[in-house]
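> pasting a predicted model and its sequence here:
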Amino acid sequence: MQHWETTSSSKETCVWTGPNSGPWGSAWAYGSVHSDSFGSVLFLGGNEVKSSAVVKYSSAPPQAAFARLQEKTDLKLPPANWLRESAKLGPAGTTILGNSKKSKLFSSFGMAYDFIDSVGNDVDVVSDSENIKKLLKIPYSKSHVSMAVHRIGRTLLLDELDIQELFMRSSQTGDWTWLKEFYQRLIDQKWQRKKKSKEHWYQKAILSKFLYYSINGDGAAQPVPSTAEQHHEDSAPDESDEAGRASWPAPFEMPSSVSEDPGSSNQGSVPLEPSYVVGHVASAPKEQNLSTLFNDGENSQGLKNDFVRNILWTFEDIHMLVGSNMPIFGGGRYPAVSLRLRDNNKPINVLTGIDYWLDNLICNVPELVMCFHVNGIVQKYEMIKTEDIPNLENSNFSTKVIKDIAQNILSFLKSNCTKEGHTYWLFKASGSDIVKLYDLTTLCEETEDKYQNPFTMPVAILLYKVACNMMMKKTQNKKHYGTIRTLLLNCVKLLDKARHPQFCNQDQGSFMLNTVQRHIKKPVPPSCAFPVCHDTEERCRLVLSYVLEGLKSVDSSIKKDGDLPAADPNTPIPLKYEDESTSGGPECLEKQMALFLDKMGSFQKDKHSSQSGMIPGSWQYKMKLQLILKSSKAYYVLSDAAMSLQKYGRALRYIKLALQCNDTYCCLCTNMPAEVLLFLCQCLTLCGDIQLMLAQNANNRAAYLEEYTYQTKEDHEILHSLHRESSCQVFAWATDLSTDLECQLSVSCKCYEAANEILLFSNLKKQNPEQHTQILKRMGNIRNEIGVFYMNQAAAVQTERVVSKSVSAAEQQLWKKSFSCFEEGIHNFESIDDGTNSALLLCNTGRLMRICAQAHCAAGGDFKREFSPEEALYYNKAIDYYLKALRSLGKREMHPSVWDSVNWELSTTYFTMATLQQDYAPLSRKAQEQIEKEVSEAMMKSLKYCDVDTESVRQPLCQYRAATIHHRLASMYHSCLRNQVGDEHLRKQHRVLAELHYSKAVKLFQLLKDAPCELLRVQLERVAFAEFQMASQNSSAGKLKTLSGALDILIKTQCAFQLIRKELLINEDVKSSDEKTPPGDSSSNLNKDEVIKLLSIFESRLSFLLLQSIKLLTSTKKKIGNEEEEVLKTNKQVYSLLLRATANKSVTLLARIEIILNLLEQLTQNNEADKTEIR
């Protein structure tokens, strides 16, 4: 029975396995074998065992064909090519033939570094193939087993722990004394080194010669001269002794120039042909954080992957990354075989059979060639298939049992090696059945120096690399965040801050920052929240706490404040920009901006030294740069989060700290990386956004000031560390909290301009087109904001200006500033093909032109105002900008709301210009006919851009505008007709146009329910137009017809009076209930004075038309018919009632409206009766 024990302080558990734990003798099926073993897959399956192997990396050349040695060949004689390089062997040399040294203490770490993607997730075990074979032979062997076990995620790393070699080193260097004492105390009190027998060295030498014979071309012995032969015979044991001895690495503190292995560096530096690299798996991307420092640590420890092959071996459900140096031969009808030398007098035992079988499985070799000898004399060869090895005579073993052993061992190790970063020792003494597992890390911590464990640094490096690899995967799952943090915490626990300050306080900051940035880009739902911190600020604060610890470590390792170098009298002291910025205004801002860009340019050319005395290139220098950059990113994320919460004062404080960190980084860095410059652009862009939001939310300025001035102790200490290197004032112009709106907008604009300039002078524009586009869009937006600010100021000055006073120089300066901002903004948007925003800025420029036109009205002191040329000039410029805006949009579908807005503004401009020309006709400069023509053209263009058909919020306004335009045109043509003399054709044309526009105006006003007075006024003008026509008529029939038409027009005003009555009733109800009229109520739009005026005109016109109708009907000489008698009767009755109503001056407005409606109703009924009789 085989016993397994774990020993760790007070806990001890046992499990067992052995050759009798499962069924014996069951066979396993052999699957397909490919001719090329490198990169191919061997699948062995059946009811018991499944195995597949993929060669991931190989430095071996294609298999050398082996030669069968002639019978009676003496293997004691060395061949001519013995221990010499050969083209058939490739650059790997004797390693191919199995003469390499035993695997190093850190061999599994070398493989893990090369295949970092597999560690922690996909692979269960990483180890040398020799270690795997030792473990699987434990139940059959009495030999001792000593291995170091480390756990990284779900992966176990196994390395041979040669106690004899270890303790020999301990006696020389003092290392491992704690383990030696523990071993002697608990396991073997009388430990002594066991020397290997002469038979061992004889067998190794004869095997080496046999393998060299096997690759020799003719297969015959080619002895060297006797003296040289004797030399080789004498030197072979010594060389083999050296080759068989493990080489232990120096402690981490030993200089890297002291090599542990004279041959290892040469071997590792031999360049491999591309054809030799079969399936090399790329490791994780190079970490930016401490990659060079950790690589230095690897090199100093000799952590290299020296195996000829790295194989991904799947045995049942166990995935193993295995290193192997087994020689593989091929050629002829044997594409891949392993070659073995056996003493014919010694039968093959179970251990040898398992050894051969596992080697072939791991290396994907289908056949075994066995060469038998007697005392070094070749006897015969025998070919054995891999699937037949378990059934060899005297070497029978069950593959099912081997599978069970593998699964039991893996289960035992995984269930007991639970602590990541701890070093476990799996030990079985020679001849013992008990396998024990010790936690060496716990034992080492009980000694005076708990960092004596040489595995500490390699394990810490591997933990860090695995965590970084997981962090840098683009498709990282959120469930891995906890795993990454655990890996980094364990890495930090293993390191001593005093000995390795360059490694401490860095890992957690890297991880937390990456998780924070991912969470900012993609908010995590509550169910998937990060398992450590609950919100962004908490995570960033954790990052900053780690950064602060790192900065303290670095600062304390350089020089104390009192030991800082004296100031150079030839170097000017950098002054703060703060005082200058508060006194200089925008002009000073320009200077500061120029200084900043000049400094940024100098960073690309000159080298800068540290004020604290750090040496560029030192670990302190590299570490501080990384820590400063991480703190800057953390503050950036905090600022972005505060910005989204509308905490703009807090956001400005955080971005100020981020930019101060950037300032220090720029001062230290001799060559600014592109990534840092891009990040600086992001910081400046965010700062510009914050300043803009502060300008737009000036009402909460007191709260923002309180947020801005608050500072934590942690922030203060980080700033103190930054001030050791820089004054941190380069970006002061961008981060001050100003109370002046103009200054805030200007600062925001300068931030965007600075970001854009950095992209341009660093040639990053093409590599980052999206970021450049965003910056240009923000520049266009802020310039629009500044332009609107100056435009509103100009409008306010214009309002306050005395009417008779001319335009001031200050007002004109504001126009120029506003126009300049709009023009630059339009250029920004046009450069990125943003037609919509270009159209909006062109629209604003048009509005500015209209404000300029309004400012150029003639002085009020003039006796008669006329439409001036300056007004015409600016209105025409406004029209040009609006038309450009429409061209920029192209078509309405591009952005309907903007399109409609531009059309409305263009229609308004045409309408305003036409109205001013009509109301204040420039008769001193132009003829009446020309003015009328220009007014008509402008009104028609206004109609063109006034969309009355599309249903929208603006549709009623468009309808009112169109109705007004038709009314004005009708009035103009009416006036022209009155004043026109002579040209009858022109008079007729004016008459037709007047009638047309009056009818269109009436139709549009009737669609509106809130313009009864306008409708009434148009109808009264139509009546006046009819009266004017009647005056020129001579026949009674013609006059009677015109009168009848005029009365019809007045009758159609009934709807307008109904609307007026409705409004008056609402007013009466409000007064009776003593309630105030609600704001925006329709009754507030009714002007009673205007209603009274229009009502009086209506009464007089109705009275006049009725009287004229009565006169014409009674004075006619012809006998009138029944219809005319009815009309006459009705007209007399209505006329009588109207006279009585108008005579009573005490009647209220509402009563007068009611009377008019009654009279119109009577006239309506009479008209309808007449029409019925006619039909």
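The structure has been received and is ready for your questions.
> which pLDDT value belongs to the closest residue to residue 684 other than its chain neighbours?
The shortest distance from residue 684 to any non-neighbouring residue, by C-beta to C-beta, 6 or more residues apart in numbering, is to residue 755 (4.2 Å). For every residue, glycine as well, the C-beta is placed using N, CA and C. Residue 755 carries a pLDDT value of 91.
> number of residues surrounding residue 755?
A total of 28 residues lie near residue 755 under the criterion other C-beta atoms under 10 Å.
> list the contacts for it?
680, 681, 682, 684, 685, 688, 775 (C-beta atoms under 8 Å, 6 or more residues apart in numbering).
> run a quick neighbour tally on the fourth one.
When counting by other C-beta under 10 Å, one arrives at 27 neighbours for residue 684.
> show me where the stretch 401-550 of the chain has strands.
In the stretch 401-550 of the chain, the strands defined using DSSP state E, counting those that start in this stretch lie at 423-428, 434-439.
> quick one: strands adjacent to the last one?
If I follow you right, that is strand 434-439. strand 2-8 (parallel), strand 423-428 (antiparallel) (DSSP bridges).
> least reliable of the ones you listed going by mean pLDDT?
strand 2-8 (a mean of 51).
> of all the strands of the stretch 401-550 of the chain, which lies closest to residue 907?
Checking those against residue 907 by C-beta to C-beta gives strand 423-428 as the closest, at 83.9 Å.
> what's in contact with the closest one?
138, 144-151, 158, 161, 187, 413, 416-417, 434-441, 444, 453, 455, 459.
> can you select the buried ones among those for me in PyMOL?
Only the buried entries of the contacts of strand 423-428 go into this PyMOL selection, using 16 or more other C-beta atoms under 10 Å:
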select buried, resi 138+145+146+147+148+149+150+151+158+161+413+416+417+435+436+437+438+439+440+441+444+453+455+459
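> residue 655 versus the residue nearest to residue 684, what's the distance?
As judged by C-beta to C-beta, to the nearest Å, residue 755 and residue 655 stand 13 Å apart.
> list the helices and strands the helix or strand containing residue 837 packs on?
Assigning secondary structure by DSSP states H and E places residue 837 in helix 835-855. Contacts defined by 3 or more C-beta pairs under 8 Å, 6 or more residues apart in numbering; DSSP states H and E place helix 835-855 against helix 769-800, helix 809-831, helix 869-889, helix 896-919.
> can you check which of the ones you listed gets nearest to residue 761?
Closest among the helices and strands packed on helix 835-855, using C-beta to C-beta: helix 769-800, at 12.8 Å.
> on that earlier part again, out of the strands of the stretch 401-550 of the chain, which is closest to residue 468?
strand 423-428 (21.9 Å).
> coming back round to it: nearest to residue 1023, out of the strands of the stretch 401-550 of the chain?
Checked against C-beta to C-beta, the stretch from the strands of the stretch 401-550 of the chain lying closest is strand 423-428, at 110.1 Å.
> which SS state does the residue nearest to residue 684 fall under?
helix (DSSP: H, G, I helix; E, B strand; the rest coil).
> next one: the one 3 residues further on
Three-state assignment for residue 758 (three-state DSSP): helix.
> how deep is it tucked in, by neighbour count?
Close neighbours of residue 758, defined as other C-beta under 10 Å, add up to 22.
> and for residue 342?
Considering only other C-beta under 10 Å, residue 342 is surrounded by 16 other residues.
> what confidence value was assigned to it?
So, for residue 342, pLDDT stands at 90.
> just the CA atoms of the helix or strand hosting it, as PDB, please.
In the assignment (DSSP H and E), residue 342 maps to strand 334-343. Extracted C-alpha coordinates of strand 334-343, given in PDB (Å, rounded to 0.1, in the frame of the first residue of the first chain):
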ATOM      1  CA  TYR A 334      10.500   4.500 -39.700                       C
ATOM      2  CA  PRO A 335       9.200   8.100 -39.800                       C
ATOM      3  CA  ALA A 336       9.700   8.500 -36.000                       C
ATOM      4  CA  VAL A 337      11.300   6.100 -33.600                       C
ATOM      5  CA  SER A 338      12.900   6.200 -30.200                       C
ATOM      6  CA  LEU A 339      16.200   4.400 -29.900                       C
ATOM      7  CA  ARG A 340      17.100   2.400 -26.700                       C
ATOM      8  CA  LEU A 341      20.200   0.400 -25.700                       C
ATOM      9  CA  ARG A 342      19.700  -2.600 -23.500                       C
ATOM     10  CA  ASP A 343      22.000  -5.200 -21.800                       C
END
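> next, the buried residues of that strand.
334, 335, 336, 337, 338, 339, 340, 341, 342.
> partner residues bridging the last one?
Put plainly, it is residue 342. residue 372.
> quick check: it touching residue 369?
No. Here residue 342 lies out of contact with residue 369, judged by C-beta atoms under 8 Å, at a distance of 10.8 Å.
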